[in-house]
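S.K.: Based on what follows, work out the 3D shape:
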Amino acid sequence: MAKMEDIVSLCKRRGFIFPGSDVYGGMAGTWDFGPLGVMLKRNLMQAWWNFWVDQRDDMYGVDAAIIMNPRTWQASGHVDTFNDPLVECKECHARLRADKLVDGATESITTDEFLAAGVKCPICGKQDWSEIRKFNMMFETHVGPVNDEKSVAYLRPETAQGIFTNFKNVVDTIYPDLPFGIAQQGKAFRNEISPRDFILRDRECSQMEIEYFVRPDDWEKAFEKMRAAQHVFLEEIVGLPVEKLRDYDVPEEDRAHYSRRTVDIMFDYPNGEEELMGLAYRTDFDLKNIERESGKSMEYRDKNTGETFIPHVIEPSIGVERLFLAVLSGAYWEDGDRIVLKLSENLAPYKFCVSPLLKNKPELVAKAKEVYRQLKEKYIFVTWDDSGNIGKRYKKQDEIGTPKCVVVDFDSLEDDSVTVRDRDTTEQTRVKISEL
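M.R.: Numbering: from 1, shown residues only. So this is what the prediction gives:
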């Protein structure tokens, strides 16, 4: 199994992910996606959208604002409940999440439980702690020219509320039949006390969420259908190893305040098992609270029966960065001194790499450029590489996950064939240029 430091090293060395603001010494909990990282991230997000939205007749997309009316977060419960247990070391004044310092602890850990565990500060090694207090993770900002209580707003901690606040807008313009879903991809912000584990827990992330609206009595059937669809997406579309995935039925005390049932799909990351994708039954919690806070009806009227009611909601959600890391760690493979990313062809940043056998032979370069243009026109995601010897090029393309390397040699000038090397098997075959 790959170690986390191996993944981090590969990401920086090959241009997948860099530390945020690296030139200034970085900023904890922030990461920048490099050229190859952007390509893989876009492929993942497009694969999700294709599977959950484009290929279905019951899904619709929205793209809501990041800064919303602050009443949104009062109604959703985030102002009162979106908290982590914060504890401070009195010796070095490090502020840490109490539940992450005690094995098996939950976010509801008490001060007595924490002190009884005899935890030493991971920074200074002392054992002198403050009381646990709740720390709200929403980033606060101000809207307008005056910074006062009336101008307070928040960066959204989830994309879900942008869906709920647009529920009636979608219903009144699209007139969808139940069940139907509204999907959104976008940035979310969480002021984590102690971001850690590379991109697993950071302060700025991208989310992909669906709110699937159903009749109250149909939620269990819809829940199980969504649960099965999640596994199809992760195992067949993304290609994650089945043995690294596990369903975890979250107990009541650990569920979010809005959830009556949650099943998390856990993934075996290099640092251990962590949540990858969640599925929550949110009941009518959000729509009822919006109705109460706004004074506007959130009822749905059935076009066929005339019946009116507030739908219940099933929510499949996933963080792009968590999926990104799962894909990298699942695809990472070492064979002696050869590192290979066995990415599925639909996700790999490049489908082909085209090279001349020797870059100082104009006739080979010209022929290789011709092949490159043909493949580029057809597949778009094609790269050119003439640096170093052919062995070094193969090594580089293996590390970034390119499935096929196409090499133009002297025989190509005679028979219009090229050598195609397979990333996973390293087998080389001669193929006619016209058949590429």
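
S.K.: What is the neighbour count of E204?
M.R.: Neighbourhood size, E204 [other Cβ atoms under 10 Å]: 18. Backbone N, C-alpha and C define where each C-beta goes, glycine included.

S.K.: Could you give the bridge partners of it?
M.R.: Per DSSP bridges, the residues bridged to E204 are F189.

S.K.: so it makes contact with G29?
M.R.: Yes: under the criterion of Cβ atoms under 8 Å, E204 is in contact with G29, at a separation of 7.4 Å.

S.K.: ranges for the helices of the stretch 51-200 of the chain?
M.R.: 71-76, 78-81, 111-116, 160-164, 167-174 (DSSP state H, counting those that start in this stretch).

S.K.: In stretch 357-371, which residues are buried?
M.R.: 357, 361, 364-365, 367-368, 371 (16 or more other Cβ atoms under 10 Å).

S.K.: ugh, typo on my part, it should be stretch 139-159
M.R.: Buried residues in stretch 139-159, counted by 16+ other Cβ under 10 Å: 153-159.

S.K.: quick check: mean pLDDT across it?
M.R.: Averaging pLDDT along stretch 139-159 gives 88.

S.K.: Just the CA trace of it, in PDB.
M.R.: Taking Å, rounded to 0.1, in the frame of the first residue of the first chain, the C-alpha atoms of stretch 139-159 are listed here in PDB:
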ATOM      1  CA  PHE A 139     -15.800  31.500   8.000                       C
ATOM      2  CA  GLU A 140     -17.300  34.900   8.900                       C
ATOM      3  CA  THR A 141     -17.100  37.900   6.500                       C
ATOM      4  CA  HIS A 142     -18.800  41.300   6.000                       C
ATOM      5  CA  VAL A 143     -20.800  42.400   3.100                       C
ATOM      6  CA  GLY A 144     -20.900  46.100   2.100                       C
ATOM      7  CA  PRO A 145     -18.800  49.100   3.200                       C
ATOM      8  CA  VAL A 146     -19.500  49.000   6.900                       C
ATOM      9  CA  ASN A 147     -18.300  46.200   9.200                       C
ATOM     10  CA  ASP A 148     -20.900  45.800  11.900                       C
ATOM     11  CA  GLU A 149     -23.400  43.200  13.100                       C
ATOM     12  CA  LYS A 150     -25.800  44.000  10.300                       C
ATOM     13  CA  SER A 151     -23.200  43.300   7.600                       C
ATOM     14  CA  VAL A 152     -22.100  39.800   8.900                       C
ATOM     15  CA  ALA A 153     -22.300  37.000   6.400                       C
ATOM     16  CA  TYR A 154     -20.600  33.600   6.000                       C
ATOM     17  CA  LEU A 155     -18.700  31.600   3.400                       C
ATOM     18  CA  ARG A 156     -20.900  28.600   2.800                       C
ATOM     19  CA  PRO A 157     -19.800  25.500   4.700                       C
ATOM     20  CA  GLU A 158     -21.800  23.200   2.400                       C
ATOM     21  CA  THR A 159     -23.400  23.500  -1.100                       C
END
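
S.K.: now the strands: where do they sit in the stretch 301-436 of the chain?
M.R.: Assigned by DSSP state E, counting those that start in this stretch, the strands in the stretch 301-436 of the chain fall at 308-309, 312-319, 332-335, 338-341, 352-356, 382-384, 404-408, 417-422, 428-432.

S.K.: okay, those in a markdown table with distance to D247, mean pLDDT and mean neighbour count next?
M.R.: Listed next are the strands of the stretch 301-436 of the chain as a markdown table, based on distance: least, Cβ to Cβ, whole Å; pLDDT from 0 to 100; neighbours: other Cβ atoms under 10 Å:
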| stretch | distance to D247 | mean pLDDT | mean neighbour count |
| --- | --- | --- | --- |
| strand 308-309 | 30 | 96 | 12 |
| strand 312-319 | 13 | 97 | 24 |
| strand 332-335 | 24 | 91 | 14 |
| strand 338-341 | 27 | 94 | 19 |
| strand 352-356 | 37 | 96 | 25 |
| strand 382-384 | 38 | 96 | 19 |
| strand 404-408 | 36 | 95 | 23 |
| strand 417-422 | 34 | 95 | 18 |
| strand 428-432 | 41 | 94 | 11 |
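
S.K.: what sits up against the helix or strand of the chain with the lowest mean pLDDT?
M.R.: Using mean pLDDT, DSSP states H and E, the weakest-scoring helix or strand in the chain turns out to be helix 78-81, at a mean of 78. When contacts are defined by Cβ atoms under 8 Å, 6 or more residues apart in numbering, helix 78-81 is touched by residues 73-74, 136, 138, 154, 157-158, 257.

S.K.: at 10 Å instead, please
M.R.: 70-74, 134, 136-138, 154, 156-158, 161, 256-258 (Cβ atoms under 10 Å, 6 or more residues apart in numbering).

S.K.: so where do the strands sit in the stretch 51-200 of the chain?
M.R.: Going by DSSP E, counting those that start in this stretch, the stretch 51-200 of the chain shows strands at 59-61, 83-88, 95-97, 133-136, 140-142, 152-154, 180-189.

S.K.: domain ranges for the chain?
M.R.: Split into domains by automatic domain parsing, the chain comes to 4-73+148-331, 83-136, 352-435.

S.K.: What's the end-to-end length of the last one?
M.R.: Think domain 352-435. One end of domain 352-435 sits 14 Å from the other (Cα to Cα, to the nearest Å).

S.K.: Now do the buried residues in stretch 170-189.
M.R.: Buried, per 16+ other Cβ under 10 Å, within stretch 170-189: 170-171, 176, 178-186, 188-189.

S.K.: Most tightly packed of the helices of the stretch 51-200 of the chain?
M.R.: Each of those was scored by mean neighbour count; the highest is helix 160-164, a mean of 23, by mean count of other Cβ atoms under 10 Å.

S.K.: on that earlier part again, got TSV for the helices of the stretch 51-200 of the chain, with distance to F410 too?
M.R.: Below are the helices of the stretch 51-200 of the chain laid out as TSV (distance: least, Cβ to Cβ, whole Å):
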stretch	distance to F410
helix 71-76	66
helix 78-81	66
helix 111-116	71
helix 160-164	59
helix 167-174	60
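
S.K.: Relative to A229, which of the ones you listed is closest?
M.R.: helix 160-164 (17.9 Å; Cβ to Cβ).

S.K.: who's in contact with the closest one?
M.R.: Contacts of helix 160-164 with the rest of the structure, by Cβ under 10 Å, 6+ apart, involve 60-66, 68, 72-73, 75-76, 78, 156, 170, 181-184, 186, 188, 207, 209-211, 213, 258, 280, 282, 285-287, 289-290, 298, 313, 315, 317.

S.K.: change it to 6 Å
M.R.: Residues outside helix 160-164 that contact it (Cβ atoms under 6 Å, 6 or more residues apart in numbering): 64, 72, 76, 182, 184, 209, 211, 286.
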